[in-house]
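*Asks:* For reference, the sequence and a predicted model appear below.
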Amino acid sequence: MKISVIICTYNRDKYIYNVLKSIAEGSYPSGEYEIVLVDNNCTDGTPEELARFVRDFPDISLNVVRETAQGLSNARNRGILTASGDILVYVDDDATVCRDYLSEYASFFGRNPDVDAAGGPIIPHYEDGQEPEWMTYHLKRLLTGYLFFGDSERDFPAGQYPGGGNAAYRRKVFDTVGMYNVELGRNGDGLGGGEEKDIFNKMKSAGMTFRYIPKAILYHSIPHYKLEDDYFNRLTCGIGDSERIRTLRISRKAYFSRLFKEVVKWGGTLVLWTVYLLKGHPSRGNRLVRFRWNVTSHLFSFL
């Protein structure tokens, strides 16, 4: 089977060479995959970094296409239309992958012809070298993409799905459920989301399956600014906006069901706030409350 690795990028010249290099130096034969690099209107030194990669790895098939419609979902859709592979693997542009990354995906899909998609661990690499004291599991998943469900292949836990920066699909998934919703997801410097959740919810509704594979590991670079208050507030407000857009697109019933779930989530948040307070970690509880408040205020802005 042929694999298409799709990397969508917007002004990440600091990282783009390293992610390409980590794929090129992997164990999977170079003739068995292509890399589709979707340039979503980069204005930095990305072209120079791509040229450096081509010089250093001339045997790797690198297909660079430009998507002028701004937004990650637009870029991901362009990747689908451009790719020639049977398996489409999305890799974040600010990450690196383990040596057997593509080999693990190829082996998995070869052994499991009835499984439609898969995802592996996402491990954060803090560029400052240290995780903030206020970080909790829930916030770690939100801010860094952290994903780890053990060392054994398994179904994803209920309500969980692969992270968008480390996910692989059979091509037929998009023929069945459609493309990414361009109203959702990152857009330039905007921090919307929800496009992966939308795809996997549609897959579940269509009876399609996806699995967790532990050895397809991706390491996600986390710069200092992603741990600052401004980024945190913009990201969590963007979640509320995205959930409002996503559920209203389904129906008003789906939207009001999501509002009810938000009330339930507040109960859990307040319980955690109390637990962290009693354990002497008030900053963790306070950060969770801020997260919930930002999501809720933007989710309810339709009313």
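*Replies:* Arrived safely, thanks for sending. Numbering: from 1, shown residues only.

*Asks:* end-to-end on stretch 186-197?
*Replies:* End-to-end distance of stretch 186-197 (Cα to Cα, to the nearest Å): 13 Å.

*Asks:* how far does it sit from the chain's center?
*Replies:* The chain centroid and the centroid of stretch 186-197 are separated by 10 Å under Cα atoms, centre = their mean, to the nearest Å.

*Asks:* Contacts for that stretch, please.
*Replies:* 10, 70-73, 76, 161-164, 167, 180-181, 184-185, 231, 234-235, 237-239, 241-243, 245-246 (Cβ atoms under 8 Å, 6 or more residues apart in numbering). Using the backbone N, CA and C atoms, a C-beta is placed for each residue, glycine as well.

*Asks:* And the helix ranked longest in the chain, what does it pack against?
*Replies:* The residue-count maximum for a helix in the chain (DSSP state H) belongs to helix 252-278. The helices and strands touching helix 252-278, judged by 3 or more Cβ pairs under 8 Å, 6 or more residues apart in numbering; DSSP states H and E, are helix 229-250, helix 282-299.

*Asks:* Turn the ones you listed into JSON lines, including distance to residue 214 and mean pLDDT.
*Replies:* Output for these, formatted as JSON lines (distance: least, Cβ to Cβ, whole Å; pLDDT from 0 to 100):
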{"stretch": "helix 229-250", "distance to residue 214": "27", "mean pLDDT": "91"}
{"stretch": "helix 282-299", "distance to residue 214": "28", "mean pLDDT": "94"}
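
*Asks:* ok, now which ones touch residue 47?
*Replies:* Residue 47 makes contact with residue 39 under the criterion Cβ under 8 Å, 6+ apart.

*Asks:* ugh, wrong one, I meant residue 88
*Replies:* Residues counted as contacts of residue 88 (Cβ under 8 Å, 6+ apart) are 3-4, 6, 79-80, 168-171, 174.

*Asks:* element containing it?
*Replies:* With secondary structure defined by DSSP states H and E, residue 88 is part of strand 87-91.

*Asks:* can you check residue 27 too?
*Replies:* Residue 27 belongs to no helix or strand, assigned by DSSP H and E.

*Asks:* how many neighbours does it have?
*Replies:* By other Cβ atoms under 10 Å, 11 other residues sit near residue 27.

*Asks:* Identify the residue nearest residue 114 in space, chain neighbours excluded?
*Replies:* Distances taken as Cβ to Cβ, 6 or more residues apart in numbering put residue 209 closest to residue 114, at 7.1 Å, once the chain neighbours are dropped.

*Asks:* wait, the one you found sits on residue 115?
*Replies:* Yes - counting by Cβ atoms under 8 Å, a contact exists between residue 209 and residue 115, whose distance comes to 5.2 Å.

*Asks:* Double-check that residue 102 belongs to a strand.
*Replies:* No - using DSSP: H, G, I helix; E, B strand; the rest coil, the secondary structure at residue 102 is helix, not a strand.

*Asks:* And it, how far from residue 34?
*Replies:* With distances taken as Cβ to Cβ, to the nearest Å, residue 102 is found 11 Å from residue 34.
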